[in-house]
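**Student:** Got a predicted model here, sequence first, then my questions.
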Number of protein chains: 2
Amino acid sequence: MFQQFLKTSRARVERALDIWLPATTQDDTQLISAMRYSACGGGKRVRAVLAYASAEAFGFDNEDALDAIAASLECVHAYSLIHDDLPSMDDDDLRRGKPSCHIAFGEAIAILAGDALQTRAFEILTSPELDIAPELKVRLVQELANASGASGMVIGQAIDLTATNRTLTQPQLERMHLCKTGALISAAVRMGAIVAGANDEQLANLSRYAQTVGLAFQVQDDVLDVTTETSVLGKPKGADAALNKPTFVSLLGLEAAQSFAKELHNQALNSLSSFDYRADHLRNLSGYIVNRSN
Amino acid sequence: MFQQFLKTSRARVERALDIWLPATTQDDTQLISAMRYSACGGGKRVRAVLAYASAEAFGFDNEDALDAIAASLECVHAYSLIHDDLPSMDDDDLRRGKPSCHIAFGEAIAILAGDALQTRAFEILTSPELDIAPELKVRLVQELANASGASGMVIGQAIDLTATNRTLTQPQLERMHLCKTGALISAAVRMGAIVAGANDEQLANLSRYAQTVGLAFQVQDDVLDVTTETSVLGKPKGADAALNKPTFVSLLGLEAAQSFAKELHNQALNSLSSFDYRADHLRNLSGYIVNRSN
């Protein structure tokens, strides 16, 4: 049943991205093609799935609203991957098992495609076609923007850049990841809950869940970076180690990193103790994140 | 009086940017410094000034709301300049009379600073501190996002990139600029009017004004590129010609380009015929744009 939920959620966000992204007709600049190349047809869709699961914890089922939220999250995530892969950043040639956007379309169009995907996320959330109350649209934009910008994802990436070749303490490493991936993962969980009418206490619990899961996601990423082959990973094995980036594995060792991921999973479950069976997909997602193989 | 209005408007948006951008304390990544370096303390602030002038045409004077709108527009403009100046794009080393962001902070931080400035614009417009009705906040985000993204500014920049070394017809050149600079200039005028409660007919007239003024701005930019020295321009003289980019001067010749700018100014004035004296700053702005020397 959880596997079915994952499959359905991924299919839904694929369809939503196809609908919400501009059509490629008459685009001789390849901008739209590059946006679609990076946003559509791939990825684990963790952020989209978290938003769906979070709304489900409240029994909320306005499909169009959730699909739009899921698409906006995946637009921001895709934009961040395009920019992170650029030669002046992490310089990664492979992403989701295919050439990175700048390899396929050139650096200039890749930068612009990232820029336009970010913008698109905010266009989606404020679209007049979307049947969400204006107060909620404003909160959704606010959540997504706060999580993506200079106090969230982007500062996390900036810290990551300056961390190469440095030794970080565990609290420093955790802070970097709380910004770099945790903020958007939190936004995914919170946006699904906000549109479903969650109150402040419920949002606080879900934020604790999301931060723990976000960190677990990163710890597992670091584990997979050293234990899994490129063909399974969809990106080069050992890329972080090659760049001499601090990781939970380099800091704690492989076994302790694996234990830490399990511990975070338990903490995530505890944060959901006041939720009923409808939060089971959120519970299963936490397990999926620490047990995944790519 | 118009000079005083220009001066006051610029001072207001400077102060607003200083308030709305994150403080540089404890930022050892230079991300925030780079954002402030590019967004604060310079530029003609045409977009901010247009938003103020447009609101004034309706006698609207909620200063905080207008300052936030002005700051959001200048954040998007500053982000676009940072990314346009990158080596893989226009490769410009000089901007507003000082080294471009990537020269001062490196390419990676420059890309991220641009990204975060874009995000900040949407954070500003949806801030809970801002006393604007939620319906209007949603419309403001929508205007800004539509103007900035894949159907506005970014597609314009993509067309511009592919236009290098090509001959464009006048309609093609106009379309490129309507997207690249016209869309955000239109958004500036429209956002000032929307928050002031403009109706659809008024918005339509202001859109015609803005599109004409936006085109005039670009024609004059092309004229200045060949007639004005680097020290006055704040960016390298002849940069477009050196890149073999199509311009109104290369297409029409210098004299005809100058006449075209004057003709557009007259069209802009005609679009404002149904507005009273309170639109005089908009009228003067059109004249300022075609007569400016940098």
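**Tutor:** Yep, it's here. Numbering: from 1, shown residues only, chains lettered A, B, ... in the order given.

**Student:** give me the residue from the stretch 151-294 of chain A nearest chain B.
**Tutor:** Minimum separation of the stretch 151-294 of chain A from chain B (C-beta to the nearest C-beta) falls at A:Ala158, amounting to 3.8 Å. In this view, the C-beta of every residue, glycine as well, is placed from N, C-alpha and C.

**Student:** Report the buried residues of the helix or strand harbouring that residue.
**Tutor:** According to DSSP states H and E, A:Ala158 maps onto helix A:153-163. Neighbour counts using 16 or more other C-beta atoms under 10 Å in any protein chain shown place A:153-161, A:163 of helix A:153-163 among the buried residues.

**Student:** Check stretch A:129-148 too.
**Tutor:** Under 16+ other C-beta under 10 Å, the buried positions of stretch A:129-148 are A:130, A:132, A:136-148.

**Student:** picking up where we left off before, tell me the average confidence for the helix holding A:Ala158?
**Tutor:** Across helix A:153-163, the average pLDDT comes to 91.

**Student:** Relative to the whole chain's centre, how far out is that helix?
**Tutor:** 16 Å (C-alpha atoms, centre = their mean, to the nearest Å).

**Student:** next structured bit after that helix?
**Tutor:** helix A:170-177.

**Student:** Compute the inter-axis angle for that following helix and helix A:153-163.
**Tutor:** Here the directions of helix A:170-177 and helix A:153-163 differ by 130 degrees (axes from the mean of the first three to the mean of the last three C-alpha atoms, to 10 degrees).

**Student:** what's in contact with helix A:170-177?
**Tutor:** Contacts to helix A:170-177, defined as C-beta atoms under 8 Å, 6 or more residues apart in numbering or on different chains, come from residues A:156, A:159-160, A:163, A:168, A:214-215, A:218, A:246-248, A:251-252.

**Student:** Swap in 6 Å and give it another go.
**Tutor:** Helix A:170-177 is contacted from outside by A:156, A:159-160, A:218, A:246, using C-beta atoms under 6 Å, 6 or more residues apart in numbering or on different chains.

**Student:** Which of those residues sits closest to B:Gly192?
**Tutor:** Using C-beta to C-beta, A:Gly156 comes nearest to B:Gly192 of the contacts of helix A:170-177, at 34.7 Å.

**Student:** For chain A, which segments are assigned as strands?
**Tutor:** A:94-95, A:98-99 (DSSP state E).

**Student:** ok, which residues in chain A are in contact with chain B?
**Tutor:** Counting by C-beta under 6 Å from any C-beta of the partner chain, chain A comes close to chain B at A:22, A:29, A:31, A:83, A:88-89, A:107-108, A:111-112, A:115-116, A:118-120, A:122-123, A:126, A:134-135, A:137-138, A:141-142, A:145, A:148-150, A:154-155, A:157-159, A:161-162.

**Student:** Could you list the low-pLDDT ranges of chain A?
**Tutor:** Residue ranges of chain A with pLDDT under 70: A:26-27, A:230-236, A:241-242.

**Student:** and the longest helix for it?
**Tutor:** Scanning chain A for the longest helix, with DSSP state H as the assignment, gives helix A:200-227.

**Student:** and stretch A:146-158, how far apart are its ends?
**Tutor:** Its start and end residues considered, stretch A:146-158 measures 16 Å (C-alpha to C-alpha, to the nearest Å).

**Student:** gap between it and the chain center?
**Tutor:** 13 Å.

**Student:** Show me the contact partners of it.
**Tutor:** Contacts of stretch A:146-158 (C-beta under 6 Å, 6+ apart): A:76, A:80, A:176, A:179-180, A:183-184, A:187, B:22, B:29, B:31, B:112, B:115-116, B:119-120.
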